[in-house]
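Q: Fold the following and give me the result.
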Amino acid sequence: MDKFMDVNLCESLRAIMDTNTAFYKTDFDYDVDILRKVAKGTFDDDKTLLWYSRPSGTFCDTERQVFQKDTSGHNGWIYYAEQHPSDRILAYSAEITSIDMKTGNVYGNLFELDYQKYVSLVKEKAISTSEVSIYFVNGDYERMSLEGFRDINFMNMPRIHNTRNEPDNQDSLGMILKNSKIIRENTGVEGNFENHISRLNEGRITFEANRIVAAINKVKVPNSSDKNSFMTDIPPHFNIINRDDIEKLKEALPYKSITICSFRDRRGMYAVVDAKEIMQSRQTQEKPSITALLKANQHSSSNNKSAPKKNNNLEV
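A: Below you'll find the predicted structure:
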């Protein structure tokens, strides 16, 4: 996993998003607002955020929030791992160190994460929460139960500046966040950001190529309208991000007859492979090799030679 120290977090995360997210890119505007709000905040344990990009949108919340059960941050972090496991999700941890008040640029350290592994960690370590601290614009403060906060009528209250879920065990949560920081700092390798973006673009092509192969392998018989080809759709987000990558995708696929095209009676783009190529490939895979057959015959002969002869005198 790569890590990048003292970078412009807003610019870096936007560049990462552009390699993977095609729809609901305006989600990132809210992410920037969160980054700036946290950077201006006074709570040191809120300075680390977890962020991810997916094909349709992004996510951002504090690590402190994500490790508390039944919060929006916790639920938002694990949701797509459970409901959309086939999506390509790029996840990162962002440690905020400073903000330029004139430009609004937020600076800090960025750590690449294995999304699925981090989801498992969150599920395993998350702390229960039952109270919420409410900070009002006028300087007032109130702490109430989580259940009471969900039922509150905000129209009858002063304007809220910020809220914080409070864990049932603050010491345990503090230890989780401390260990998380140690792990990402010790396991990450400082990398070149431009090379990282290039790797993400290449990874997107490889990811889609693997998905196409898996999809075609699931089709038992030719499924084109003329029954002469195997075909599967290409997700629209792939084509929208960079149309030039279509040619790179064709090169990454293991088919000689691959074409990527659209149809008058269907929406979107499709990967199409000649049925003869697929069927011939499957027959080759199913047919045992000559070497395997020779070994099987030698083994059979060896067993026959070593088998004991019957003693007919002992038979009834």
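Q: From Glu247, how far out is Lys256?
A: The gap separating Lys256 from Glu247 is 15 Å, by Cβ to Cβ, to the nearest Å. Every C-beta, even on glycine, is put in place using the N, C-alpha and C of the backbone.
Q: which strands and helices sit next to the longest helix along the chain?
A: In the chain, taking DSSP state H as the definition, the longest helix is helix 193-218. Judged by 3 or more Cβ pairs under 8 Å, 6 or more residues apart in numbering; DSSP states H and E, helix 193-218 is in contact with strand 2-8, helix 9-18, strand 229-234, helix 236-241, helix 245-252, strand 269-274.
Q: Please name the strands paired to the last one in the sheet, noting orientation.
A: If I follow you right, that is strand 269-274. Sheet pairing here is set by DSSP bridges, and for strand 269-274 it gives strand 229-234 (antiparallel), strand 259-261 (antiparallel).
Q: need the next SSE after that strand, C-terminal direction.
A: For strand 269-274, the following helix or strand on the C-terminal side (DSSP states H and E) is helix 275-286.
Q: so for the longest strand along the chain, what's the average pLDDT?
A: Longest strand in the chain by number of residues, with DSSP state E as the criterion: strand 90-99. Averaged across strand 90-99, pLDDT comes to 97.
Q: Name the surrounding residues that touch the following helix or strand past it.
A: Next along the chain after strand 90-99, taking DSSP H and E as the criterion, comes strand 106-113. Where contact means Cβ atoms under 8 Å, 6 or more residues apart in numbering, the residues beyond strand 106-113 that reach it are 1-10, 12-13, 32, 35-36, 39, 47, 50, 91-100, 184-185, 188, 196.
Q: of those residues, buried ones?
A: 2-4, 7-10, 12-13, 32, 35-36, 39, 47, 50, 91-96, 99, 184, 188, 196 (16 or more other Cβ atoms under 10 Å).
Q: re the thing from before, what are the buried residues along the longest helix of the chain?
A: Buried, per 16+ other Cβ under 10 Å, within helix 193-218: 196, 200-201, 204-205, 207-209, 211-213, 216.
Q: before we move on, the earlier item: just send the strands paired with strand 269-274 back as JSON lines, with mean pLDDT, distance to Leu177 and mean neighbour count too.
A: Output for the strands paired with strand 269-274, formatted as JSON lines (pLDDT from 0 to 100; distance: least, Cβ to Cβ, whole Å; neighbours: other Cβ atoms under 10 Å):
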{"stretch": "strand 229-234", "mean pLDDT": "95", "distance to Leu177": "41", "mean neighbour count": "19"}
{"stretch": "strand 259-261", "mean pLDDT": "92", "distance to Leu177": "46", "mean neighbour count": "13"}
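Q: Of those, which is nearest Phe154?
A: The closest of the strands paired with strand 269-274 to Phe154 is strand 229-234. By Cβ to Cβ, the value is 44.2 Å.
Q: Show the contacting residues for Val189.
A: Contacts of Val189 (Cβ under 8 Å, 6+ apart): 1-3.
Q: worst-scoring helix or strand of this structure, pLDDT-wise?
A: In the chain, the helix or strand scored least confidently by mean pLDDT, DSSP states H and E is helix 290-306, which has a mean of 56.
Q: list the contacts for the spatially most central residue of the chain?
A: Geometric centre of the chain, nearest residue: Ile89, 2.3 Å, by Cα atoms, centre = their mean. Residues counted as contacts of Ile89 (Cβ under 8 Å, 6+ apart) are 52-54, 80-81, 115.
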